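Participant: model this:
(one chain, ligands or ions: 2)
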Amino acid sequence: MSTRAISGPATPGPATELLFGDWYPAARAATLRPGKMSTALLLGVPVLLGRKLDGALFAMRDLCPHRGIPLSAGWFDGETVQCKYHGWRFEPVTGQCREIPSLTGLDILQPEKIYATSYPCQERDGYAWVYLPEAGAGRIAATLPPVPEVPKFSAKFRSAHLVADLPCNVDHGIIGLMDPAHGPFVHQAWWWRSRASIHEKHKHFEPIPQGFRMSAHAPSGNSAPYKLLGVYGEPITTTIDFVLPNRRVETIRCGDKWFSSLTTITPVTPSTCRIDVAAAWNVFYRVPGVTFLARFFGARFVRQDQETMIEQAQGLRAHPALMLIDDADKPAKWYFALKQARLTGTGTHPLSGPVTLHWRS
Ligand code: FES
Ligand SMILES: [Fe+2]
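Facilitator: Ligands and ions are numbered 1, 2, ... in the order given. A predicted model of the protein is given here:
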């Protein structure tokens, strides 16, 4: 189920700096059929995606190293990508050139010494994840960070995913994602919570590498789905991590029952982004229709955020000065500090130890 049908405004809001040197979800892997190729825009980079006949996924910069025409204009036979302009052929996983049709026996140029840019591409949780290196990084490091994954705590589980385009830059997408104070206003619904249910909250946070964790706690008593989980009669704990560049991982556990989600905000361009939610769970495993219900309510949630951000983008086009207040916007301040530390390589973590934040929501 997708909420992509809602289109954003023609002119998106302001741009922001992007974090290269990490994994981003580029497409749903099931859409990449053997022998077919497709394109995606990731951090403003045009990417050619595809799957070879042997099943291997690939991601290349969608640009021929000879004269720059998009490789997607050419052909793919399931083994090599051939450029439309002069017919150079490339093995798409490595980017290695395999053939330059214009060469004669008198030429000394060795095609196999030429490489088109290719990116590491891995399948996880039904996504094709692409590693986009830092500009000018040269050869991609041999050891890459692990590909992000939805945490799972049993062999059997169900899963669902959602996607929505957001007309704002990745920073607004991310701070919207971690914003605790918008819930009672944006996500009002009889089955979730009402505005009248606002109450004071105290949440404990701790630093983790490249991010922060809302420590294991008993979730809000005012949220209906958690009340529902209470039918198992065991204590419920939930942990929410945010990790650069763009990931929120929520884990809810109740005895051996669990529900996890990985939400990512991926920059499409410097001024637009996309939200992807991948969830997995073993709660109510045998109850029919739960996957449908999870998708339905998940889609409604994401749509409420998306509609709000479409409205926000209209305001942001005027480049207004904005505010971040304590404590409700403190996680947003931490995000900006973490991002700045990574961009500048200065490495100071905004949290020196555990802290408790207070807000009403
Ligand atoms: S531009 Fe691609 S082969 Fe010449
Ligand atoms: Fe939200």
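
Participant: which parts of the protein sit against ligand 1?
Facilitator: Proximity of the chain to ligand 1, by CB under 6 Å from any ligand atom, involves residues Cys64, His66, Arg67, Ile69, Cys83, Tyr85, His86, Trp88. (Glycine included, C-beta is placed from N, CA and C.)

Participant: can those go into CSV with extra columns for distance to Lys257 and pLDDT?
Facilitator: Below are the residues of the chain next to ligand 1 laid out as CSV (distance: CB to CB, whole Å; pLDDT from 0 to 100):
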residue, distance to Lys257, pLDDT
Cys64, 52, 98
His66, 56, 98
Arg67, 57, 98
Ile69, 53, 98
Cys83, 52, 98
Tyr85, 57, 98
His86, 59, 98
Trp88, 54, 98
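
Participant: By mean pLDDT, point me to the weakest helix or strand of this structure.
Facilitator: One helix or strand of the chain scores below all others by mean pLDDT, DSSP states H and E: helix 224-229, with a mean of 61.

Participant: Next secondary structure after that helix?
Facilitator: strand 236-243 (DSSP states H and E).

Participant: Mean confidence (pLDDT) on that following strand, please.
Facilitator: Mean pLDDT, strand 236-243: 92.

Participant: Now, of the residues of the chain next to ligand 1, which are buried?
Facilitator: Cys64, Cys83, Trp88 (16 or more other CB atoms under 10 Å).

Participant: what's the distance between the nearest residue to Val355 once chain neighbours are set aside and ligand 1?
Facilitator: Nearest non-adjacent residue to Val355, counting by CB to CB, 6 or more residues apart in numbering: Phe205, 5.4 Å away. Distance from Phe205 to ligand 1, counting by CB to the nearest ligand atom, to the nearest Å: 51 Å.

Participant: Next up, the contacts around Ala280.
Facilitator: When contacts are counted by CB atoms under 8 Å, 6 or more residues apart in numbering, Ala280 touches Asp125, Val150, Lys152, Phe157, Arg158, Ser159, Phe259, Ser260, Ser261.

Participant: ok, 7 Å please
Facilitator: By CB atoms under 7 Å, 6 or more residues apart in numbering, the contact list for Ala280 reads Val150, Lys152, Phe157, Arg158, Ser159, Ser260.

Participant: for it, helix, strand, or coil?
Facilitator: Classification of Ala280 by DSSP: H, G, I helix; E, B strand; the rest coil places it in strand.

Participant: What does the pLDDT read for it?
Facilitator: 93.

Participant: With adjacent residues omitted, what lies nearest to it?
Facilitator: Ser159 (4.4 Å).

Participant: Who are the packing partners of whichever helix or strand the one you found is part of?
Facilitator: Assigned by DSSP H and E, Ser159 belongs to strand 158-166. For strand 158-166, the elements it packs on are strand 272-281, helix 290-316, judged by 3 or more CB pairs under 7 Å, 6 or more residues apart in numbering; DSSP states H and E.
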